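>>> sequence unavailable; structure follows:
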């Protein structure tokens, strides 16, 4: 059964979109991520324009993050002070990303930039995740014990920067400069690529700032929630590209799939989960790379410019 999407300006099979929501929700629940890195490419692959896909998925990620953040809030597993500092950089990064998004769309280069960004980011991150997971599995089989966990409290050159602030819940005393920087990058990437970036944000907080694992996921979800909600509002106000009907179908499917994914994820070892996630990230990046070199079915496309309306 086809349904017409008013903003995307094309008919799609409602069951296909609903199944995509369930599938991405299942993966999100299994790996504890937002799933934007997968949902945005899937929408592009079925014919939705990259601009509409990025803007619409932002609302989908915001809704998913709200549910997760509320759960972690009830468990008191969110460092509000750290989340606030991340949001300072995140909101600035989101505004900068939406501005660049609008500029690239006006220049007609947005689709190419989105594709190249996915190729570079996902291919590099996926390769690193696969390599690290394989090493962890080999080490586990060789030593017959889990690899030693990194404990918070270690120091790197980042801890020597000025403007230090104490985050009591995370037991950190660190400069706000790298915190703002991480928030800015995540907000910028979210606005340009339509990803929550949990698969980048969580490792960055753990390995760069040594944030304890018991608060890192909940804190990252607060950043994702606010930046993606802000990106949705900005995209809707400036570019008018958020397709509410498409987002609603994806949200319903995502909520259903996430419940089953969370149960499946609890039954697998963390090393194998990271390996599967790394392979998935790498596969999406390679798929975009192939599309850059394959001759498109339609050599020309038309879009009404602002000045012609």
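Noted; the coordinates are in hand. For clarity, every value in this text was computed on a predicted model and none was experimentally measured.

>>> in which helix or strand would I find residue 217?
Using DSSP states H and E, residue 217 sits within helix 213-238.

>>> ditto for residue 84
helix 80-107.

>>> ok, now residue 187?
Counting by DSSP H and E, residue 187 is part of helix 176-193.

>>> one more: residue 53?
helix 50-74.

>>> what residues sit buried inside the next helix or strand after the helix holding residue 187?
Sequence-wise, the next helix or strand downstream of helix 176-193 (DSSP H and E) is helix 198-207. Under the neighbour-count criterion of 16 or more other CB atoms under 10 Å, helix 198-207 has 198, 199, 200, 201, 202, 203, 204, 205, 206 buried. Glycine gets a C-beta too; all of them are placed from N, C-alpha and C.

>>> can you confirm residue 249 is in a helix?
Yes. Membership of residue 249 in a helix is supported by DSSP: H, G, I helix; E, B strand; the rest coil.

>>> that one and residue 256: what is the separation?
12 Å (CB to CB, to the nearest Å).

>>> could you check which of those two is surrounded by more residues?
Using other CB atoms under 10 Å as the criterion, residue 249 and residue 256 rank with residue 249 on top: 22 against 16.

>>> ok, the more buried one touching residue 21?
Yes. If you go by CB atoms under 8 Å, residue 249 and residue 21 touch, sitting 6.3 Å apart.

>>> since we're on residue 136, how many residues are nearby?
Counted with other CB under 10 Å, residue 136 comes out at 18.

>>> three-state assignment of it?
Residue 136 - assigned by three-state DSSP - is helix.

>>> from residue 280, how far out is it?
In terms of CB to CB, residue 136 sits 17 Å off from residue 280.

>>> just residue 127 next, same as before
On the measure of CB to CB, residue 127 and residue 280 end up 13 Å apart.

>>> shouldn't residue 174 be within a helix?
No. Read with three-state DSSP, residue 174 is strand and lies in no helix.

>>> any idea what it is bridged to?
residue 165 (DSSP bridges).

>>> start at 26, not 1
Sounds good: first residue 26 from here, last item residue 199.

>>> isn't it right up against residue 189?
Yes. Residue 199 is within contact range of residue 189, at 6.2 Å (criterion: CB under 8 Å).

>>> same drill for those two, tell me which one is more crowded.
Taking neighbours as other CB under 10 Å, residue 199 and residue 189 compare with residue 199 leading, 25 against 13.

>>> where does the more buried one land on pLDDT?
Residue 199 is assigned a pLDDT of 80 by the prediction.

>>> ok, now residue 179?
pLDDT at residue 179 comes out at 52.

>>> next one: the one 3 residues further on
We have a pLDDT of 61 for residue 182.

>>> neighbours of the closest residue to residue 106 other than its chain neighbours, how many?
Spatially, and ignoring its direct neighbours in sequence, residue 106 is nearest to residue 192 (5.2 Å; CB to CB, 6 or more residues apart in numbering). Applying other CB under 10 Å, we find 22 residues neighbouring residue 192.

>>> my guess is residue 192 contacts residue 107. True?
Yes. Under the criterion of CB under 8 Å, residue 192 makes contact with residue 107 at 4.8 Å.

>>> pretty sure residue 219 is touching residue 78, no?
Yes. Residue 219 lies in contact with residue 78 (CB under 8 Å); the separation is 6.2 Å.

>>> okay, and residue 157 sits in which element?
Short version, using DSSP H and E: residue 157 is in helix 135-168.

>>> tell me which residues in that helix are buried?
Buried, per 16+ other CB under 10 Å, within helix 135-168: 135, 138-140, 143-144, 146-148, 150-151, 154-155, 157-158, 161-162.

>>> how far is that helix from where the chain is centred?
When distances are taken as CA atoms, centre = their mean, to the nearest Å, helix 135-168 is centred 14 Å away from the chain's centroid.

>>> now that helix: mean pLDDT?
81.

>>> do the same with stretch 83-90
76.

>>> contacts for it?
The contact list for stretch 83-90 (CB atoms under 8 Å, 6 or more residues apart in numbering) reads 50, 53, 59-61, 64, 215-216, 219-221, 246-247, 249-250, 253-254, 256-257, 260, 267, 269, 272, 275-276, 279-280, 283.
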